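Engineer: predicted model and sequence below, questions to follow.
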Protein chains: 2
Amino acid sequence: MDKSTEEKIYEAARKVFILKGMEGARMQEIADEAGMNKALLHYYFRNKENLFKAVFKDIFTKFFAKLKDTLLSSATTREKLTVFIDNYIDLITANPYVPSFIINEINRDPKVLSSLMFENFMEPAKVLKLFFNEVESANKSVVDPRHILTSLMGMLVFPFVARPILQMVLFQDDKVAYNNFLEERKEVVKNMMFKLIEI
Amino acid sequence: MDKSTEEKIYEAARKVFILKGMEGARMQEIADEAGMNKALLHYYFRNKENLFKAVFKDIFTKFFAKLKDTLLSSATTREKLTVFIDNYIDLITANPYVPSFIINEINRDPKVLSSLMFENFMEPAKVLKLFFNEVESANKSVVDPRHILTSLMGMLVFPFVARPILQMVLFQDDKVAYNNFLEERKEVVKNMMFKLIEI
DNA sequence: GTCTATATGGCGATAGAC
DNA sequence: GTCTATCGCCATATAGAC
C-alpha cells in the first residue's frame, strides 16, 4: 500500500460519499477511513465541497465511460444490446449504491451536472446518437429511440435504486432471492428489449 | 386559511423535506415556510426525527394508496394497465420530487421502511398479487410478473428521477421539450407493456 | 506534510416570559 | 399556545507546533 496521501483521501472520500451523500458524509469519517487526520483533507482539498466535486466527477465519469466502450465494441445492434445489458447489470452489482447516489446528488443540486456536462456528455452523446440510429433502423415499430433508451435504463436501474421496497414487497425481504432476481434480469431485459424493438 | 398550527407545520415540513431530504432540511426553514417560530415545531413534534417520520409515512402512504385504487377500479387487465399508467404519470407530474425523495430516504436509512411496512405493504401486496395473477394469465410469454412489474415501474419512474441527466443529454436541457416527452410516455409505455405481455 | 489544538458558525433543542 | 433568547453540541475549517 504505497499510495500517495492524496489517493488515500480520494478513495476514502469516494467510499463515504457514495454511502452517505454529500450532506450525510463527515470529514472526520473520511479521515478515519483514510487512516489519517482531518486536517490533512483540508490541506489537500481546501474544503469539503472541493473534495466532493472531485469525487463526484470521477464517479460519474467512470460510471458512464464503461458504457460508452460497450456501445463501441460490438457489431450488430442485437449484440450491442446484449453486451450493454450484461455489462450494465454487472457494473451496478459491483457498485450498487452509485445509481441512488447519483440520482440523489443531481436532484439535490443540479449544478453538479452542468460542470461536467460539456466534457463528459458530448462524446458519449455522439456515441449514443450512433446507437440511436442503429436502434431506429432496426426498430420496426418506429418508436422514438429516446423512449426506448429511457425504458431500457429504467428497467436496468430501477431494481437497484428501489431495492429496499422491491425486496420487501416482492421477496419478503429475502436478500439472496433478490440477488437471484437481479441476475435473472439480464436475460429478462434482453428479451424485453428484443421484443420491444422487434429484432 | 383556518388550518390548525399543527397542519401548517405538517404541510410546511412536507414541502421542505421533499425538496431537501431529512438531512438537508432545516427546522428554521420549515418554521419560515409555516410562518411561525422554530420553537413551535418542537412543541408539536418534540424533535426533527419525529416530524420527519410523520411526514414520510404520510407521503409514502398517499403515494401508493392512489395506485391501489387504480388497480381495483377497472375491469380488464388492459384497462387496468391503461388507467394505472395514466394515473401514475399524472401523479408523479404533480409531485415530481417525491420519487427521488423516497429513493433517497429508503437508501439512506432502510429502517424508515420497516416501520411502515406491515400496515402499508400488506394490503397493497394483496392487491398487487391479484394484479400479478391477471397479468400472468394474460401474459402469453410467461415472464415472471415480478419482472414485468419492475420493468413497468422503472419505465415510469426513471424519467423523473433521472430528469436532469436525460433532459440535458436527450433534449439539450429544453424543459418544455422534456415535459412533452413525459406526456408522450403515457402512450409509449402503454404500447410497450401491451407488446411485452402480448395482449 | 502531518499532527494537535482551537476557532467559528450553524443547527437542534430548551427555558422561560407572556 | 406562541414567542424571544439562549444553551450545548457538532461539523467545517484554520493556526501553529513539529
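Structural biologist: Right, received. Where do you want to start?
Engineer: how close does A:Leu170 get to B:Ser151?
Structural biologist: Per Cβ to Cβ, to the nearest Å, A:Leu170 is found 13 Å from B:Ser151. For every residue, glycine as well, the C-beta is placed using N, CA and C.
Engineer: so for these two, which sits in the more crowded spot?
Structural biologist: B:Ser151 (26 against 22; other Cβ atoms under 10 Å in any protein chain shown).
Engineer: for the more buried one, which non-adjacent residue is closest in space?
Structural biologist: The spatial neighbour of B:Ser151 that comes closest, neighbours along the chain excluded (Cβ to Cβ, 6 or more residues apart in numbering or on different chains), is A:Met155 at 4.6 Å.
Engineer: okay, now the nearest residue to A:Pro159 once chain neighbours are set aside: neighbour count?
Structural biologist: Spatial nearest neighbour of A:Pro159, chain neighbours left out: B:Thr150 (5.3 Å); criterion: Cβ to Cβ, 6+ apart. Around B:Thr150 there are 23 other residues, counting by other Cβ under 10 Å.
Engineer: you'd agree B:Thr150 is up against A:Leu156?
Structural biologist: No. Judged on Cβ atoms under 8 Å, B:Thr150 makes no contact with A:Leu156 at a distance of 10.3 Å.
Engineer: give the residues shared as contacts by those two.
Structural biologist: A:Arg185 (Cβ atoms under 8 Å, 6 or more residues apart in numbering or on different chains).
Engineer: among the helices and strands of chain A, which has the poorest mean pLDDT?
Structural biologist: helix A:111-138 (a mean of 74; mean pLDDT, DSSP states H and E).
Engineer: immediately after it, which helix or strand?
Structural biologist: helix A:145-161 (DSSP states H and E).
Engineer: picking up where we left off before, my read: the residue nearest to B:Ser151 touches B:Leu152, true?
Structural biologist: No. Assessed by Cβ under 8 Å, A:Met155 is found out of contact with B:Leu152, at 9.1 Å.
Engineer: what about the helices in chain A?
Structural biologist: Counting by DSSP state H, chain A has helices at residues A:5-24, A:27-34, A:38-45, A:48-73, A:77-94, A:98-108, A:111-138, A:145-161, A:163-171, A:175-197.
Engineer: for chain A, which residues are neighbours of DNA strand D?
Structural biologist: Contact residues (Cβ under 7 Å from any atom of the strand) of chain A with DNA strand D: A:Ala25, A:Arg26, A:Met27, A:Gln28, A:Lys38, A:Ala39, A:His42, A:Arg46, A:Asn47, A:Lys48, A:Glu49.
Engineer: please report the distance of the residue nearest to A:Pro159 from A:Gln167.
Structural biologist: Counting by Cβ to Cβ - B:Thr150 and A:Gln167 are separated by 11 Å.
Engineer: A:Thr70 now?
Structural biologist: For A:Thr70 relative to A:Gln167 (Cβ to Cβ), the value is 27 Å.
Engineer: and if you look at A:Met155?
Structural biologist: 17 Å.
Engineer: who has more neighbours, those two?
Structural biologist: Neighbours per residue, other Cβ under 10 Å: of A:Met155 and A:Gln167, the larger number sits with A:Met155, 24 against 21.
Engineer: my read: A:Phe171 touches A:Leu182, true?
Structural biologist: No. A:Phe171 is not in contact with A:Leu182 according to Cβ under 8 Å; the separation is 10.8 Å.
Engineer: ok so, going back, any idea which of the helices of chain A has the lowest pLDDT on average?
Structural biologist: Out of these, helix A:111-138 stands lowest, with a mean of 74 (criterion: mean pLDDT).
Engineer: still on that earlier bit, in the residues of chain A next to DNA strand D, which residue is surrounded by the most others?
Structural biologist: When neighbours are counted by other Cβ under 10 Å, A:Ala25 leads the residues of chain A next to DNA strand D with 21 neighbours.
Engineer: residues touching that residue, list them.
Structural biologist: A:Ala13, A:Val16, A:Phe17, A:Leu19, A:Lys48, A:Phe52.
Engineer: go with 6 Å
Structural biologist: A:Val16, A:Phe17 (Cβ atoms under 6 Å, 6 or more residues apart in numbering or on different chains).
Engineer: would you list the phi and psi of A:Ala162?
Structural biologist: When read as degrees, to the nearest 10, the backbone of A:Ala162 gives phi -100, psi 20.
Engineer: do the one 10 residues further on as well
Structural biologist: In terms of degrees, to the nearest 10, the main-chain angles of A:Gln172 are phi 50, psi 40.
Engineer: over to A:Ala25?
Structural biologist: Per degrees, to the nearest 10, the backbone of A:Ala25 is at phi -70, psi 150.
Engineer: do you know how far it is from B:Pro110?
Structural biologist: 18 Å.
Engineer: ditto for A:Leu166
Structural biologist: 12 Å.
Engineer: more neighbours: which of the two?
Structural biologist: Between A:Leu166 and B:Pro110, counting by other Cβ under 10 Å, A:Leu166 is the more crowded of the two (20 against 15).
Engineer: near chain B, which residues of chain A?
Structural biologist: Applying Cβ under 6 Å from any Cβ of the partner chain, one finds that chain A approaches chain B through A:23-24, A:100, A:103-104, A:106-107, A:110, A:113, A:117, A:121, A:125, A:146-147, A:150-151, A:153-155, A:158-159, A:161, A:164, A:168-170, A:188, A:192, A:196.
Engineer: ok, and of those residues, which contact DNA strand C?
Structural biologist: Of the residues of chain A next to chain B, not one also sits near DNA strand C (Cβ under 7 Å from any atom of the strand).
Engineer: buried members of those residues into PyMOL, please.
Structural biologist: A single PyMOL command is used to select the members of the residues of chain A next to chain B judged buried by 16 or more other Cβ atoms under 10 Å in any protein chain shown:
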select buried, chain A and resi 23+24+100+103+104+106+107+113+121+125+146+147+150+151+153+154+155+158+159+161+164+168+169+170+188+192+196
